[in-house]
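Colleague: Here is a sequence together with a model predicted from it:
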Amino acid sequence: MTTFPTGERTHQAVLPQQPALESVGADTPGGRDETAHGHPGTNRGTDREHGRGETGERHTIARRRHAKSAAKAAKAAESGSGDAPTPNQVYAGGVGAARVFVLSKDGRPLMPCHPARARQLLARGRAAIARRIPFVIRLKDRTHGESDVVGVQLRVDPGSRGTGFALTDEKREVGADGARVTVRRGLFSMELRHRGDQIRSRMRQRSGYRRRRRSANRRYRAPRSLNRMRPAGWLPPSVRHRVDTTFALAARLSRYAPITEINVERVAFDMHQEGNPAPAPIRTRLRDAWHNTCAYCGVAGVRLNVEHVKPRSRGGSSRISNLVVSCVPCNQAKGSRSVQTFLAHQP
């Protein structure tokens, strides 16, 4: 576990910054890249090592890793409000760093600041760390009323396996033609991974356990009564988990950032309808496609069932591309076997 000092300066690993580029070979003592600069660890023919001022050669002086970029970042953060540099300034460390959440002295959210500005506030003792994940600082000398809070927008992009969150703000800038334009900037982004598949699997497992417990050695037991009613607004546990976690994360971000607007993308796709665009019933379409004959033995004039080519027990879906019609004997003989095994004698 990484320990953080309790003094005025904070550990560099807790702030969202770009890590220093290191050579893989630097972890191999005695290797060619031991100095992490592509030079051999020891100069040939001598006992002097590179990077320690022992060779005296100009091209073997150890290069500085972040001095210039850190100085530019500190100067840009000190000259402005701590956000992204102005168009005339260039931040060599990258302008795509996520912003740091800032709380006022009374615990209310302020506008997020740049990581360089957050490091300066922590180093000068003007702020303290309030939370590490996500990284939040609290100012010691400014209240919410003394600050200029414009507000940010929370944008939610829901999905089947994950939901994306992004915090943006709008800034007035002067374009190339001299006209003032509104630029939308991304401040913070994250993705919430849903556990719908795990919940559905555990629900099926629990249902199997209960079904086994009710039916084992109780052939003459009366079936359970149908008195279980679902309340209004009921959702499946996997969908309820997705809704609850999305609301909880949005409420948590509202405690760290001054959110004034929430935009949710509402897009729905019926994947089953995409595979079955015709409004006719599936059984009628399958009978017409197979000319009212069994797909396995070709018999006609008998009762036909809707058959899954890849069984559902093996992960098959109910899309029309996985459905055929078959007679009752072929349907029962195939069972849960794959079509390759069932038709092995009929290549």
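Modeller: In hand now; what should we look at?

Colleague: Could I get the contacting residues of the nearest residue to Thr245 once chain neighbours are set aside?
Modeller: Using C-beta to C-beta, 6 or more residues apart in numbering and skipping the chain neighbours, the partner closest in space to Thr245 is Leu192 (6.2 Å). For every residue, glycine as well, the C-beta is placed using N, CA and C. If you count contacts by C-beta atoms under 8 Å, 6 or more residues apart in numbering, Leu192 has them with 162-165, 245-246, 249.

Colleague: Which SSE is immediately downstream of the helix or strand containing Leu192?
Modeller: Using DSSP states H and E, Leu192 maps to strand 180-193. Going down the chain from strand 180-193, the next helix or strand is helix 196-215, by DSSP H and E.

Colleague: if we can go back for a sec, among the contacts of Leu192, which ones are in helices?
Modeller: Within the contacts of Leu192, residues falling in helices by DSSP state H are 245-246, 249.

Colleague: Give me the buried subset of the residues you listed.
Modeller: 246, 249 (16 or more other C-beta atoms under 10 Å).

Colleague: sorry, back to before: any idea what the residue nearest to Thr245 is bridged to?
Modeller: According to DSSP bridges, the residues that bridge with Leu192 are Thr163.

Colleague: Residue numbering should commence at 247 henceforth.
Modeller: Got it, the first residue is 247 from now on, which makes the last one we talked about Leu438.

Colleague: Closest one of the contacts of Leu438 to Arg457?
Modeller: Ranked by distance to Arg457 (C-beta to C-beta), the contacts of Leu438 are led by Thr491 at 29.3 Å.

Colleague: where's the closest one relative to Arg407, distance?
Modeller: Here Thr491 is placed at a distance of 13 Å from Arg407 (C-beta to C-beta, to the nearest Å).

Colleague: just Val555 next, same as before
Modeller: Val555 is 26 Å from Arg407, by C-beta to C-beta.

Colleague: How many residues are close by Ala496?
Modeller: Applying other C-beta atoms under 10 Å, we find 17 residues neighbouring Ala496.

Colleague: same check, this time on Pro361
Modeller: Neighbours of Pro361 (other C-beta under 10 Å): 21.

Colleague: Same check on Phe347?
Modeller: Neighbour tally, Phe347, other C-beta under 10 Å: 26.

Colleague: And Arg498, by the same measure?
Modeller: 11.

Colleague: likewise Ser461?
Modeller: Per other C-beta under 10 Å, the neighbour tally for Ser461 reads 10.

Colleague: Which one of Val555 and Arg407 is surrounded by more residues?
Modeller: When Val555 and Arg407 are compared for neighbours, Val555 comes out ahead with 15 against 11, by other C-beta under 10 Å.

Colleague: where's that one relative to Leu499, distance?
Modeller: Separation of Val555 from Leu499 (C-beta to C-beta): 46 Å.
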